[in-house]
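>>> kindly generate the corresponding structure for this input.
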Amino acid sequence: MSKLIESMKQEFSLFLHALQYYSRIPVGQIDFCEEKLTPALRYFPLVGIIVGGLAAVVFALFALALRLPQSVAAVAALAAMILATGALHEDGFADFFDGFGGGYTKERILEIMKDSRSGAYGVMALILAFLLKFSLFVSISSSQLPWVLVAAHSTSRFTPILMIRNSQYARVENSKAGHTRRKPDTATIVIAAVLAAVPLVFLNWKIMLAILPIFALIYIVLKRYIEKRIGGFTGDVLGAMQQFNEIAFYLAYAAIAVWV
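Next up, the predicted model:
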């Protein structure tokens, strides 16, 4: 029994590390250890469930409880997501477009992505991404969107874990994402996959079967592209992959839901 309790404490500690590192949700004082960030990746999709859940609650409050226009509720849900994560993945998304849009060599791409200043490519990419999300939030049924938000945020966080497992870290020097040099083990991958898939049970299974291959395609194409350009991934690449997946989920759901 004592071993079971100790194991549960260890897993809860990993969850708190994931929640603190990948969101701005307060977790209180924890004994932070960078070595735990790699096994903590197993709870990255669970962080997504929480973030998506918060956005879903906000959307439901505005659209279903207060009966405000769905466009207003969509903006509120977007704001909730940004506040919950501190725009962590959106920042990587913008840096990705700045780096790969303005750089022609590996060194220059990495240099641009490390620059804290936002460039034209990144700004325009963010504007288009938010416009696309907003449009899709308005087009999806208000009764289904809360579940879609949770599922999109959980599943979109799985393939970045696969990227860490199957590719190489591109930078030589230390950075905020330096812990990703260590590969997650099989148990971490399996737990993350299960947690990512849990919200899918609340959605139409035909839609889910159509969406999952899209995630696989994004993973394969992006992995080949970044390995060709810079030899591997960075934290910004992982953030961009999460955003690509999330947007693809909304887009695919909105498109396929019309036919099933």
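>>> give me the neighbour count for residue 127.
11 (other C-beta atoms under 10 Å). The C-beta positions use only the backbone N, C-alpha and C, and glycine is treated the same way.
>>> quick check, pLDDT for it.
With respect to pLDDT, residue 127 scores 97.
>>> same check, this time on residue 1
So, for residue 1, pLDDT stands at 68.
>>> heads up, I number from 50, so please use that
Sounds good: first residue 50 from here, last item residue 50.
>>> if I pick the residue nearest to residue 140 when sequence neighbours are not counted, what's in contact with it?
Spatial nearest neighbour of residue 140, excluding adjacent residues (C-beta to C-beta, 6 or more residues apart in numbering): residue 288 at 6.5 Å. By C-beta atoms under 8 Å, 6 or more residues apart in numbering, residue 288 lies in contact with 137, 138, 139, 140, 141, 142, 144, 145, 209.
>>> just put the residues you listed in a markdown table and tack on distance to residue 270.
Output for those, formatted as a markdown table (distance: C-beta to C-beta, whole Å):
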| residue | distance to residue 270 |
| --- | --- |
| 137 | 23 |
| 138 | 18 |
| 139 | 21 |
| 140 | 22 |
| 141 | 17 |
| 142 | 16 |
| 144 | 19 |
| 145 | 14 |
| 209 | 14 |
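>>> out of those, list just those in helices.
137, 138, 139, 140, 141, 142, 144, 145, 209 (DSSP state H).
>>> can you tell me how far the third one sits from residue 251?
It refers to residue 139. Distance from residue 139 to residue 251, counting by C-beta to C-beta, to the nearest Å: 26 Å.
>>> same check, this time on the fifth one
Counting by C-beta to C-beta, the gap between residue 141 and residue 251 amounts to 28 Å.
>>> rewinding a little: residue 139 and residue 251 - which one has more neighbours?
More crowded of residue 139 and residue 251, by other C-beta under 10 Å: residue 139, with 21 against 12.
>>> my guess is the more buried one contacts residue 176, does it?
No: in this structure, residue 139 is not within contact of residue 176 by C-beta atoms under 8 Å, at 11.1 Å.
>>> return the residues in contact with residue 121.
Neighbouring residues of residue 121 by C-beta under 8 Å, 6+ apart: 111, 112.
>>> and residue 191, helix, strand or coil?
coil (DSSP: H, G, I helix; E, B strand; the rest coil).
>>> now the residue lying closest to residue 138 once chain neighbours are set aside: phi and psi?
Take residue 138 and drop its neighbours on the chain: the residue closest to it by C-beta to C-beta, 6+ apart is residue 288, 4.1 Å away. The phi/psi pair for residue 288 (degrees, to the nearest 10) reads phi -60, psi -40.
>>> can you check residue 219 too?
Main-chain torsions, residue 219, degrees, to the nearest 10: phi -80, psi -30.
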